[in-house]
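> Fold the following for me, if possible:
(chains A and B)
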Amino acid sequence: MSNPYHNPKAQWAAYLVFFVVLACVPLMVENTFTVNLLARFLVLGMLALSVSLVWGYGGILSLGQGIAFGLAAYGMGMTMQMQAQDPESMPIPSFMLTNELTELPALWEPFWHAPTGIALALIVPTLFFAALGTIMFQARVAGVFVAIVTLAMLSAWYSMAFDMQPYTAGFNGISPPNPLQLGEYSIDPYSATAYWIALACLTVLTLGLKALLHSKFGLIIQAVREDPERARFLGYSVAAYQVSVFTLSGFVAAVAGVLWVMIVQYVSPTALEVSFSVTMVIWAAVGGRMSLIGAIIGAFLVNGMQSFLGDELLYGFLLVLGGLFIVIVRFLPNGLAGLLESVLGRFGKRAAPSDAGGPV
Amino acid sequence: MALLELKGVTKAYDQLKVVDNFDLKVHRGELRCLLGPNGAGKTTTIDLITGRQKISGGVISLEGNVITHWPEHMRVRAGLSRKFQVPAVFKGLTVRQNLEAAFTRHTNPVRNMFVFRDREARERVEEVALRVNLASRLGVRADFLSHGETQWLEIGMVLTQNPRILLMDEPTAGMTVQETHRTGEIFNTLKGTHTLLVVEHDMGFVRQIADRVTVMHMGRFLAEGTIEEIERNEDVKRVYLGGGKHHAHA
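Below you'll find the model as predicted:
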């Protein structure tokens, strides 16, 4: 009688199947290059996940998810770079020498210790999102103005990463010579292990957020999205909810940043580019911003297309991407997940007005 | 002591005073109607009570607490709950979700991350849904409701909160005659147990529900009394009821 799309049990089952299938992928793929490519897609899926949370559910159109991603990526890049340095023989990275630094900058000191470095890579961007969110949402900045503020902030970070050459290696970026060392283990970016680490993080975050969206908190952030004033007059501090969801999305993007550098062993200002953060929004829109799993699949599809068509079309691919975005926004405002919803709705009994349910 | 008390409440835009030195006392268990022609300052008064607009002068107190400058959500937590003139519900959410969102035992975001199946909320939602005729519509998304049902949903949300005082800004706006009558019945069941301040235009509706009526004109207090007294009052007749006193949409 109701649409299976809205059945919570069916949703959890779909999520489970999705992640189990993803876990089996490296068993079927021989080519290590492909495994690495797929691991990258997982990380990009995580970025779409953060967009789905903040935009789809929170109604906050953030074009600055790249800030958390980029800061975390730099944190991880610094951590891995310092793993290759030696306090005695080679205390500072070579790019600093060419920039005439003779001592390791204080900013870099904590990254001698890898666990501290990784922790900082996660905590600093999250705190930054908490602070930026507090400033914006206490002042009741909303709608397109949030997009503008986050975009401007992103550009500022991009310029900093670009200009502070002695500290960030500028345009060239940081390319740590060795893979990430975790205790005894070295995480080869081309191995199935790296893929599974990324997948484990994606799974935990996705299922955690899905559970969160079924909580009262999940209901209230959606209520705030629908009508902030009504929520305020029910006694909720709208700003507190917006800051919470914005901060959480920042944390998810930060995890993605850390994993990204583990997998590509490189970080440069491109992580902070405006176009990158804008495409994240497109991935989520294509897959369906109101569905966590939909957004992840959107990221897989668009990036998959880019990998295969991008080589053929080069910059022409951007036209394809733009066209796709227009078509989706015009005909499928809830993306592919929305399409699935209406198809399943037709299979379910033709009951009168559809019985819409919780988060998907 | 009055539950809600306004003393000398004023709202001015430059020279123009939309609410001018307005006094009002609403007692516990009372259903008070606030009447007045368009532009009399009724909605502005509700805005000032709930903190949606900044007050220019005067004092507002709720159960003896001066709330004049409190932020909106704090006033709501102190027991004020409001229905808007243009129905404000969460359109993309179901009726059940709308009512659950209005159940506000906890408002802290972090605390609410750990609230899942709240039995008390569920029971309250079902009880309220029966009261406002939406028991069979709980699974329907709010944007599929008729206008009257949307109004009831918002009334239901305000009721779910179980506030000290319910502020209703034109609860019957846009309703059919039957819906209006049904709304009057809902309000009459609330009398005694709840305190209500209702802004209304529809005189038939006011006759159906009101204990006492306060009339505003040009932002000022004009008259107060039972509906019969108000209908006999010469000042009121002059400014508001005019000739046709049945449907006084000014």
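> For the residue nearest to the spatial centre of chain B, give its distance to B:Val132.
The residue lying closest to the centre of chain B (C-alpha atoms, centre = their mean) is B:Met168, at 1.5 Å. From B:Met168 across to B:Val132, the span is 13 Å (C-beta to C-beta, to the nearest Å). (Glycine included, C-beta is placed from N, CA and C.)
> Quick one: low-confidence residue ranges for the stretch 1-150 of chain A.
By pLDDT under 70, the weakly predicted segments of the stretch 1-150 of chain A are A:1.
> How many residues are close by the one residue in it that gets nearest to chain B?
Proximity of the stretch 1-150 of chain A to chain B (C-beta to the nearest C-beta) peaks at A:Ser2, 7.3 Å away. When neighbours are defined as other C-beta atoms under 10 Å in any protein chain shown, A:Ser2 has 15 of them.
> Can you pull the residues of chain B lying near chain A?
Proximity of chain B to chain A (C-beta under 8 Å from any C-beta of the partner chain) is limited to residues B:50, B:52, B:72-73, B:76-77, B:81-82, B:84, B:88-94, B:97-98, B:100-102, B:104, B:106-110, B:112-116, B:118, B:139-141, B:144, B:157, B:161.
> Apart from its neighbours in sequence, what residue is nearest residue 71?
You didn't pick a chain, so chain A it is. What sits nearest to A:Leu71 in space, not counting adjacent residues and going by C-beta to C-beta, 6 or more residues apart in numbering or on different chains, is A:Pro125, at 4.2 Å.
> that's the other chain; I wanted chain B
B:Gly51 (6.4 Å).
> Over to B:Pro163?
B:Ser81 (3.6 Å).
> A:Ser291 too?
Going by C-beta to C-beta, 6+ apart, A:Ser291 has A:Ala337 as its nearest residue, at 3.6 Å.
> Surely the one you found and A:Gly287 touch.
Yes: assessed by C-beta atoms under 8 Å, A:Ala337 is found in contact with A:Gly287 at 6.3 Å.
> between the two, who's got more neighbours?
A:Gly287 (31 against 24).
> Tell me where the model's unsure across chain B.
Ranges of chain B meeting pLDDT under 70: B:240-250.
> cutoff 80 now
B:1, B:192, B:201, B:239-250 (pLDDT under 80).
> At which residues are the strands of it located?
Applying DSSP state E to chain B gives strands spanning B:4-13, B:16-26, B:31-35, B:57-62, B:65-66, B:80-83, B:165-169, B:195-199, B:212-217, B:220-225.
> again, but for the stretch 151-300 of chain A
Listed in chain order, the strands of the stretch 151-300 of chain A (DSSP state E, counting those that start in this stretch) span residues A:180-182, A:185-187.
> Let's have the ones you listed in TSV, adding mean neighbour count.
Output for the strands of the stretch 151-300 of chain A, formatted as TSV (neighbours: other C-beta atoms under 10 Å in any protein chain shown):
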stretch	mean neighbour count
strand A:180-182	18
strand A:185-187	13
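> Please compute how far stretch A:255-269 lies from its chain's middle.
12 Å (C-alpha atoms, centre = their mean, to the nearest Å).
> Now for B:Pro71, how many residues are close by?
B:Pro71 has 12 nearby residues by other C-beta under 10 Å.
> quick revisit: so what's the residue nearest to the centre of chain B up against?
Contacts for B:Met168 (C-beta atoms under 8 Å, 6 or more residues apart in numbering or on different chains) come out as B:82-83, B:155, B:158, B:196-199.
> what does chain A have sitting close to chain B?
So far as C-beta under 8 Å from any C-beta goes, chain A lies against chain B at A:2, A:212, A:214-217, A:219-220, A:222-223, A:225-227, A:229-238, A:240-241, A:244, A:353-358.
> coming back round to it: by contact count, what packs against the host helix or strand of the residue nearest to A:Leu71?
Using DSSP states H and E, A:Pro125 maps to helix A:114-138. Counting contacts by 3 or more C-beta pairs under 8 Å, 6 or more residues apart in numbering or on different chains; DSSP states H and E, helix A:114-138 is packed against helix A:65-83, helix A:144-163, helix A:238-264.
> The same query, at a cut-off of 10 Å, please.
Here helix A:114-138 touches helix A:65-83, helix A:144-163, strand A:180-182, helix A:238-264, going by 3 or more C-beta pairs under 10 Å, 6 or more residues apart in numbering or on different chains; DSSP states H and E.
> Can I get these in TSV including distance to A:Ile282?
Output for these, formatted as TSV (distance: least, C-beta to C-beta, whole Å):
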stretch	distance to A:Ile282
helix A:65-83	12
helix A:144-163	14
strand A:180-182	30
helix A:238-264	16
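> what's the neighbour count on B:Glu63?
15.
> Ok, A:Glu100 next?
Count around A:Glu100 with other C-beta under 10 Å applied: 7.
> for chain B, what spans make up the helices?
Using DSSP state H, the helices of chain B run over residues B:42-50, B:72-77, B:95-102, B:109-112, B:119-131, B:147-160, B:177-190, B:203-209, B:227-232, B:234-236.
> again but with the stretch 201-350 of chain A, I slipped
Here the stretch 201-350 of chain A has its helices, by DSSP state H, counting those that start in this stretch, at A:216-226, A:228-232, A:238-264, A:274-287, A:292-313, A:316-331, A:335-347.
> Let me have the ones you listed in a markdown table, extended by mean pLDDT.
Formatted as a markdown table, the helices of the stretch 201-350 of chain A follow (pLDDT from 0 to 100):
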| stretch | mean pLDDT |
| --- | --- |
| helix A:216-226 | 95 |
| helix A:228-232 | 91 |
| helix A:238-264 | 97 |
| helix A:274-287 | 94 |
| helix A:292-313 | 89 |
| helix A:316-331 | 86 |
| helix A:335-347 | 87 |
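> can these go into TSV with extra columns for distance to A:Glu88?
TSV is the format used below for these (distance: least, C-beta to C-beta, whole Å):
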stretch	distance to A:Glu88
helix A:216-226	50
helix A:228-232	58
helix A:238-264	26
helix A:274-287	39
helix A:292-313	43
helix A:316-331	48
helix A:335-347	55
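> I'd like to know which of the ones you listed is closest to A:Leu71.
helix A:238-264 (6.8 Å; C-beta to C-beta).
> Excluding sequence neighbours, find me the nearest residue to A:Ser52.
A:Ala295 (3.6 Å).
> how close does the one you found sit to chain B?
Going from A:Ala295 to chain B by C-beta to the nearest C-beta, to the nearest Å gives 17 Å.
> wait, that residue sits on A:Lys210?
No: contact criterion C-beta atoms under 10 Å: A:Ala295 and A:Lys210 do not qualify, at 11.9 Å.
> Show me which of the two is the more surrounded one.
Using other C-beta under 10 Å as the criterion, A:Ala295 and A:Lys210 rank with A:Ala295 on top: 34 against 20.
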